[in-house]
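Q: What follows is a predicted structure for the sequence shown.
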Amino acid sequence: GSSCEKCDFETDLCKALPELNLQPGWIRRNGQAGMGPPYSDHSGNDSAYFLSWSSEIQSSSATLRTNVFLPTDEEHICQITFHYWISQTSGTLMMGLQKHSEDTITNIWQDSGELQNQWKSNTITINSTEKYEV
């Protein structure tokens, strides 16, 4: 069966992004929070929640780390689809893959936001013969 989990941040951070893995600077908010754009989520709902990185934090970068995923094979591929918004020309959103036998994080996708101030979506397929985090 399908083991897809939908993560919409409506009630919490969902299973994929444990509270412990949330670095300072990330907040869960909606478009009504009075914090500037985006003023709605990707579907245009201004009361729907999303994760937002507060530029008031002096740190130049902040990581969101998933739970541990199990190895993939022909039956169990991993596809992650996500919606994102980049509002600053200097900002870059990156997705990295860390396999459990490696100390380093391999960059598997990035967008530096040529198309500013609009929601975009992307789907990533991950293959790993061992446990990993994203």
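A: Great, that's in hand. Residues are numbered from 1 along each chain as shown.
Q: For residue 94, name its beta-bridge partners.
A: In this entry, residue 94 is beta-bridged to residue 110, by DSSP bridges.
Q: what about stretch 120-128, average pLDDT?
A: For stretch 120-128, mean pLDDT rounds to 93.
Q: I'd guessed residue 63 sits against residue 23; true?
A: Yes: with contact defined as CB atoms under 8 Å, residue 63 and residue 23 form a contacting pair (5.5 Å). C-betas here are computed from N, CA, C, even on glycine.
Q: burial count for the residue nearest to residue 108 when sequence neighbours are not counted?
A: Closest residue to residue 108 apart from its sequence neighbours, by CB to CB, 6 or more residues apart in numbering: residue 97 at 5.0 Å. Taking other CB atoms under 10 Å as the criterion, the count of residues near residue 97 is 20.
Q: Please identify the helix or strand for residue 97.
A: Using DSSP states H and E, residue 97 sits in strand 93-99.
Q: chain center to stretch 13-32, what's the gap?
A: Distance of stretch 13-32 from the chain centroid (CA atoms, centre = their mean, to the nearest Å) equals 9 Å.
Q: my read: residue 94 touches residue 109, true?
A: Yes: with contact defined as CB under 8 Å, residue 94 reaches residue 109; the gap is 7.0 Å.
Q: one step back: off-centre distance for the strand holding residue 97?
A: On CA atoms, centre = their mean, the centre of strand 93-99 falls 10 Å from that of its chain.
Q: In it, which residues are buried?
A: Counting neighbours by 16 or more other CB atoms under 10 Å, one finds that the buried residues in strand 93-99 are 93, 95, 97-99.
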